[in-house]
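*Asks:* One predicted model, sequence on top.
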Amino acid sequence: MTKTVLIVEDSRVQAQAIGAMFQQLGFRTDSVASHAEALEKLRGDSFDLLLLDVFLAEDNSLDHLHEYKALQPGLAIAVMTAGDFTESDSVAEAINRARRSHVDYILAKPFKLIDVEHISKELESRQVDAMISIEANTVFLR
């Protein structure tokens, strides 16, 4: 089954480059540029991974993690940032806040195909762990 990723990135050029890396690994990709568009997509489609740029124009994606998680419980979430260099501690704060919010993956921009491969392998492992086994007329989720 083809894995899917929703990329939330306000730079079209970066969204295309990131999407190309995921497509190279067999993902179906979709991209949006805002929080509102991401919510709309998550309401209409199912994804294996949500990849969020932390700093979107006038918005911070970390402020909306609870909404994304509520729409698709169990959705793997990755955040990426190059930081907001107008504030010296912004990158460290974003990374620490993402960890406290229990995101699955944190990527520093620019990242490489090997970083995307790591996420792909982890997602594959998660899918195997979630397979249903039936024993004695009872369904167990692993």
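*Replies:* Yep, that arrived.
*Asks:* from here on, contacts and neighbour counts on C-alpha atoms
*Replies:* Noted.
*Asks:* mind checking the SS state of Ala98?
*Replies:* When classified by DSSP: H, G, I helix; E, B strand; the rest coil, Ala98 comes out as helix.
*Asks:* In this structure it contacts Leu62, no?
*Replies:* Yes - counting by C-alpha atoms under 8 Å, Leu62 is a contact partner of Ala98 at 6.8 Å.
*Asks:* More neighbours: the two, which one.
*Replies:* More neighbours surround Ala98 than the other of Ala98 and Leu62, with 22 against 19 (other C-alpha atoms under 10 Å).
*Asks:* do you know how far the more buried one is from Arg12?
*Replies:* For Ala98, the distance to Arg12 equals 23 Å [C-alpha to C-alpha, to the nearest Å].
*Asks:* avg pLDDT for the strand or helix carrying Tyr68?
*Replies:* With secondary structure defined by DSSP states H and E, Tyr68 is part of helix 65-71. For helix 65-71, mean pLDDT rounds to 94.
*Asks:* Any idea how many residues pack against Leu52?
*Replies:* 28.
*Asks:* Would you agree it is in contact with Glu9?
*Replies:* Yes - with contacts defined as C-alpha under 8 Å, Leu52 counts as touching Glu9 at a distance of 6.6 Å.
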